[in-house]
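Participant: Here is my input, please return the structure:
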Amino acid sequence: MIASELMQTDAPTLSPDDSIQRAAELLTTYEHSNLPVLDEDGSVIGAVGEYDLLALALPTAATELSRLSYLPRCYGLRNLSDDELQDLTVHDIMRTEGYVTVEEDELAAQAALLIMRRHQPQVFVTADGKYVGRLCRKVIISQLVNPTLGVACHP
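Facilitator: Numbering: from 1, shown residues only. Next up is the predicted model:
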């Protein structure tokens, strides 16, 4: 089985110019952990996730927090006023690394391995470098793991 056979093609995407409010709406409405950020040509140039938005709520004055190397790029923007936060775009908070892409003809088992090794909720699926869908853990569990175990599960 390959990634394109299991991927979700109707998952929402973001552009760098979208507001962070739109990102938050899509993440919560669709219950996704991460959303791809696409350029005008449809290539994945970044990702915005729950952690990126949560980082905006962290107090930046705490010395202990400022030493944590795993904080998202947008950590520190919390010093902005509420009005300034309203003006932020996806470009301001998106990660340009740390997300995973696979080509549509990649084996689904290989995608699962990347999800596990990189501790990701999903991989973004591309065709010739352009975004075509996402493949998430729940689908892999329901389609690859459960038939093997004989367990019924719905993604």
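Participant: Only C-alpha atoms from now on, for both contacts and neighbour counts.
Facilitator: Fine.
Participant: mind checking how far the residue minimising distance to the centre of the chain is from L144?
Facilitator: Centrality entry for the chain: nearest residue to the mean C-alpha point is N34, 2.2 Å, by CA atoms, centre = their mean. Noted for N34: a distance of 22 Å to L144, by CA to CA, to the nearest Å.
Participant: Model confidence score at the spatially closest residue to G42 that is not a sequence neighbour, please.
Facilitator: In space, not counting the residues next to it along the chain, G42 is nearest to K130; the distance is 5.2 Å by CA to CA, 6 or more residues apart in numbering. Confidence per residue is given as pLDDT, and for K130 that number is 97.
Participant: again with L53
Facilitator: Per-residue confidence at L53 stands at 84 (pLDDT).
Participant: and it, which of the three is it?
Facilitator: Reducing the assignment at L53 to three states with DSSP: H, G, I helix; E, B strand; the rest coil gives helix.
Participant: What is the neighbour count of the nearest residue to it once chain neighbours are set aside?
Facilitator: Among residues not flanking L53 along the chain, A24 sits closest, at 7.3 Å (CA to CA, 6+ apart). For A24, the number of neighbouring residues by other CA atoms under 10 Å comes to 16.
Participant: Kindly report the same for T96.
Facilitator: The local packing of T96 (other CA under 10 Å) involves 14 other residues.
Participant: Tally up the residues packed near the closest residue to it other than its chain neighbours, please.
Facilitator: Once flanking residues are discounted, T96 sits nearest to G46: 4.3 Å by CA to CA, 6+ apart. A count of neighbours around G46, defined by other CA under 10 Å, yields 23.
Participant: Check which helix or strand G46 maps to.
Facilitator: Element membership for G46 (DSSP states H and E) is strand 44-49.
Participant: That strand packs against which elements?
Facilitator: The elements that strand 44-49 packs onto, with contact taken as 3 or more CA pairs under 8 Å, 6 or more residues apart in numbering; DSSP states H and E, are strand 34-38.
Participant: The same query, at a cut-off of 10 Å, please.
Facilitator: Based on contacts counted as 3 or more CA pairs under 10 Å, 6 or more residues apart in numbering; DSSP states H and E, the elements that strand 44-49 packs against are helix 20-29, strand 34-38, helix 90-93, strand 122-127, strand 130-136.
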